[in-house]
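sequence first, predicted coordinates after that:
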Amino acid sequence: GRSSSGLTPKCLPRRTSSRPRSWTKGGLITYYVLFFIHVATRRVHVAGLTPTPDAAWMAQIARNVSMADDGFLKPGLYLLRDRDSKFTEQFDEILKAAGVKPVKLPARSPNLNAHAERWVLSVKSECLSKVILFGEASLCRALSEFDAHYPVERPHQGKGNVILFPLTTSEVARDGPIRCRERLGGLLRYYHREAG
């Protein structure tokens, strides 16, 4: 399997609106969100967010995601990443020590990291651009709700016309009322048929 990583924003125009922003006591703060996508399963793992992604923060995230028992990245995986300067040599060395091979993508090649680019576009257009965030906690909540919604409830093609993470493994109900489930106060919606 392969894993893909992205630091938002990457390969996006440098506009103020291209990054998640949150109102705090100190004013409007821009946050950077570091996430990983397992390409084979499309599982997304939001590893962390910070207003100041420095080398120490990136090294700690690398240690967290490559932990033997609890880490998202397992030995033998490839980590496809862009050339952002926030991915330091120390970040790569920590991953290599854990058995994960970082692969630096060529410059200006967003199509090689299409799954990460699509997730950034989806989370921004379907969620973050439609809410006013107050503090880091509200951004964390919005991201975790979208993370739960994205692979399971969001209507999309799936992989090979098969939904990767169906809600139930039993036979799909063919009759019964259609119900709407909501997240984030109705911003994210999912329709399903209840068993008759």
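Here it is on my side, so go on. Residues are numbered from 1 along each chain as shown.

so where do the helices sit in the chain?
55-65, 89-97, 114-126, 136-152 (DSSP state H).

gap between the longest one and the chain center?
To tie it back to what came earlier, the one meant is helix 136-152. The chain centre lies 9 Å from the centre of helix 136-152; the measure is CA atoms, centre = their mean, to the nearest Å.

angle of it against helix 114-126?
Calculated by axes from the mean of the first three to the mean of the last three CA atoms, to 10 degrees, helix 136-152 forms an angle of 120 degrees with helix 114-126.

again, but for the shortest one
Orientation check (the same axes, to 10 degrees): helix 89-97 against helix 114-126 gives 120 degrees.

and helix 89-97, C-alpha only, in CSV?
Listed in CSV are the C-alpha atoms of helix 89-97, where the atom choice follows Å, rounded to 0.1, in the frame of the first residue of the first chain:
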residue,chain,number,x,y,z
GLU,A,89,15.4,16.3,6.8
GLN,A,90,14.7,15.4,10.4
PHE,A,91,11.0,14.6,9.4
ASP,A,92,12.3,12.3,6.7
GLU,A,93,14.9,10.6,9.0
ILE,A,94,12.3,9.8,11.7
LEU,A,95,10.1,8.2,9.1
LYS,A,96,13.0,6.2,7.6
ALA,A,97,14.0,4.9,11.0
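
residues of it that come out buried?
By neighbour count on 16 or more other CB atoms under 10 Å, the buried set for helix 89-97 is 91-92, 94-95. Just so you know, the C-beta spots here come from the backbone N, C-alpha and C atoms, and that holds for glycine as well.

and the longest one, by the same measure?
Along helix 136-152, these residues count as buried under the neighbour rule (16+ other CB under 10 Å): 139-140, 142-143, 145-147, 149-151.

equivalent analysis for the third one, please.
Neighbour-count burial for helix 114-126 flags 115-117, 119-120, 122-124 (criterion: 16+ other CB under 10 Å).

stretch 185-193 too?
Buried positions in stretch 185-193, judged by neighbour count with 16+ other CB under 10 Å: residue 188.

mean confidence for it?
Stretch 185-193 shows a mean pLDDT of 79.
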